[in-house]
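S.K.: My questions are about this predicted structure, shown below with the sequence.
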Amino acid sequence: QVIEAEGMMVLPGFIDSHVHFRDPGGTHKEDFLSGTRAALAGGVTTILDMPNTQPPTDSRAHLQEKMAQVGPKAVVDYGFYFGATDNNIEEAASVADQVAAMKLYMGSSTGSLLVTEFSPIFRHFSTFPPNKPIAVHAEDEQSLLYFGAQGSTEHNRARPPLSAQIALSRALAIAEKVGRRLHIAHTTTQRELELIQEAKQKGVRVTCEVTPLHLFLTEEDQQRLGNFGKVNPPLRSKSDQEALWRYFDVIDTIGTDHAPHTKEEKMQPYQKAPSGLTGVQTMLPLLFNASQEGRVALSEIIKRCVTNPARIFGLQNKGALEVGKDADIVLIDPQQTYEINNEQILSKCGWTPFAGTKIKGKIQQVFVRGQLAFEHDTCLAQPGSGRHVSYISR
Ligand code: DOR
Ligand code: ZN
Ligand code: ZN
């Protein structure tokens, strides 16, 4: 097969290792078809879906139901996280080979998954296969309750950096003690990256993620966006945002934390409005644009959006463009410019916090396993053409 690509740049399909596609149970916000279409339009050819669906992906039966329900809708390749609860320690370990990782919420967010006590955290950390990552949402519930009780309506004050640092320190200490792999979801502050850097230097088996939200937006944007900038962990200060770029070497993956909520839900009063922002469709454009602006090398982006997630989550056939890997390919016209707007967003909720952002570099074609799946703003792939990924056994 010959692909005509004159004037185009050829990139490997991106892997978004952190999305919330709301299927089953929240399909008025997103379902697997709308979510994977948005991914495809954004040059993301593999996604890993979080477990805070309804019911949560917290048992073998719920995992199997989810697989059966969403598989026939997928237009990109996909895998799942297993959600930790206080009582599913043995069950989690027994289905580990069917999932990319465990997700453990140390602080509460959308949905009911939450593990705050030392004992179940320790037991999960010591029972889940040590070479499979446990991804933690590192915000400390006790601090959240304390600060939330102050009644602050400013999201970034109600969920302070301290809460993330406390949870992170606990997770690092336990992971070091039991010698397991740990993946820190959405790091947002300089202090977290310092702690992770120090832990890595000591040999703790930790990797970490940052989101495009926290790379490109700050608490000032939250003022402007209101609830459409409300996310956990919150958008941080300018100085923390700058630190994410300064500590880029410490960051292993970039994942979007794509967490759609409808406009109606977001337009409720602050306390009632759910947290979470869309992102799966805008990650590659934003990062490609940053590389065109000279902020970061494209190769460093590809490491964090393709090579590293494939390695960390053990995705057997995924990775950079090389023989033996799936031909997941994105052709992008580096000269074409456009402005992001809500009308382009294929997510069911139809909005993005990045509306108005100017982008240099437009996705022209996306191939999934060698098949042309997306071309000139049109999704060609049929529902069900996406496949469940296979994992390297570990
Ligand atoms: O803001 C968030 N939204 N943070 C999370 O951890 C969950 C997510 C969601 O699922 O809505
Ligand atoms: Zn999270
Ligand atoms: Zn998330």
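M.R.: Now that the structure is in, tell me what you want to look at. Ligands and ions are numbered 1, 2, ... in the order given.

S.K.: so how many other residues sit close to residue 313?
M.R.: A count of nearby residues for residue 313, using other Cβ atoms under 10 Å, gives 26. C-beta: built from backbone N, CA, C; applies to glycine.

S.K.: so what strands line up beside the helix or strand hosting residue 46?
M.R.: Using DSSP states H and E, residue 46 sits in strand 44-49. Sheet partners assigned to strand 44-49 using DSSP bridges are listed as strand 14-19 (parallel), strand 77-83 (parallel).

S.K.: Show me what whatever helix or strand comes next after it is packed against.
M.R.: Sequence-wise, the next helix or strand downstream of strand 44-49 (DSSP H and E) is helix 60-70. Contact analysis of helix 60-70 by 3 or more Cβ pairs under 8 Å, 6 or more residues apart in numbering; DSSP states H and E lists strand 77-83 as its packing neighbours.

S.K.: The strand it packs on and ligand 2, any residue contact?
M.R.: No: if you take Cβ under 5 Å from the ion as the test, strand 77-83 misses ligand 2, and the best it gets is 10.5 Å.

S.K.: Next, the angle helix 60-70 makes with that strand.
M.R.: Strand 77-83 runs at 150 degrees relative to helix 60-70, counting by axes from the mean of the first three to the mean of the last three Cα atoms, to 10 degrees.

S.K.: wait, does strand 77-83 make contact with ligand 1?
M.R.: No: contact of strand 77-83 with ligand 1 (Cβ under 6 Å from any ligand atom) is absent, the minimum separation being 11.3 Å.

S.K.: And that strand, how far out from the chain middle?
M.R.: Distance, stretch centre to chain centre, for strand 77-83: 11 Å (Cα atoms, centre = their mean, to the nearest Å).

S.K.: Ok, stretch 331-349 next?
M.R.: 19 Å.

S.K.: about what we covered before: with distance to residue 67 added, can I get the strands paired with strand 44-49 in CSV?
M.R.: CSV is the format used below for those (distance: least, Cβ to Cβ, whole Å):
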stretch, distance to residue 67
strand 14-19, 16
strand 77-83, 7
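
S.K.: Near residue 305, how many residues? Count them for me, please.
M.R.: For residue 305, the count of nearby residues is 27 (other Cβ under 10 Å).

S.K.: Among the strands paired with strand 44-49, show me which one is buried the most.
M.R.: strand 14-19 (a mean of 29; mean count of other Cβ atoms under 10 Å).

S.K.: can you give me the mean pLDDT across the helix or strand following it?
M.R.: For strand 14-19, the following helix or strand on the C-terminal side (DSSP H and E) is helix 32-41. The average pLDDT within helix 32-41 is 98.

S.K.: Which strands or helices does helix 32-41 pack on?
M.R.: Here helix 32-41 touches strand 14-19, strand 44-49, strand 358-368, strand 371-375, strand 378-379, going by 3+ Cβ pairs under 8 Å, 6+ apart.

S.K.: Any chance of the ones you listed in CSV with distance to residue 212 and mean pLDDT as columns?
M.R.: Conversion of the helices and strands packed on helix 32-41 to CSV gives the following (distance: least, Cβ to Cβ, whole Å; pLDDT from 0 to 100):
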stretch, distance to residue 212, mean pLDDT
strand 14-19, 10, 98
strand 44-49, 12, 98
strand 358-368, 12, 98
strand 371-375, 20, 98
strand 378-379, 22, 96
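
S.K.: Just tell me which of these ends up closest to ligand 1.
M.R.: strand 14-19 (9.3 Å; Cβ to the nearest ligand atom).

S.K.: Run through who's touching that closest one.
M.R.: Contacting residues not belonging to strand 14-19 are listed as 35, 39, 42-50, 100, 135, 185-186, 209, 211, 253, 255-258, 280, 283-284, 305-306, 309-310, 312-313, 315, 318, 330 [Cβ atoms under 8 Å, 6 or more residues apart in numbering].

S.K.: picking up where we left off before, the strand holding residue 46 vs ligand 2: in contact?
M.R.: No: judged by Cβ under 5 Å from the ion, strand 44-49 stays clear of ligand 2, getting no closer than 12.9 Å.

S.K.: Going forward, count from 668.
M.R.: From this message on, residue numbering opens at 668, which makes the last subject strand 711-716.

S.K.: what comes into contact with that strand?
M.R.: 680-688, 702-703, 706, 737, 743-748, 767-768, 922, 947-948, 950-951, 976, 980, 982, 985, 995, 997, 1033-1035, 1040, 1056.

S.K.: Stretch 954-974 too?
M.R.: Contact partners of stretch 954-974, identified using Cβ under 8 Å, 6+ apart, comprise 678-683, 879, 912, 915, 918-921, 950-951, 985-987, 999, 1001, 1025-1028.

S.K.: Return the members of those classed as buried.
M.R.: With neighbours counted by 16 or more other Cβ atoms under 10 Å, the contacts of stretch 954-974 contain buried members at 678-683, 879, 915, 918-921, 950-951, 985-986, 999, 1001, 1026-1028.

S.K.: looking at it, residue 843 is touching residue 867, isn't it?
M.R.: No: counting by Cβ atoms under 8 Å, residue 843 stays clear of residue 867, with 11.0 Å between them.

S.K.: Spell out which parts of the stretch 918-1061 of the chain neighbour ligand 1.
M.R.: Residues of the stretch 918-1061 of the chain found near ligand 1 (Cβ under 6 Å from any ligand atom) are 926, 941, 942, 943.
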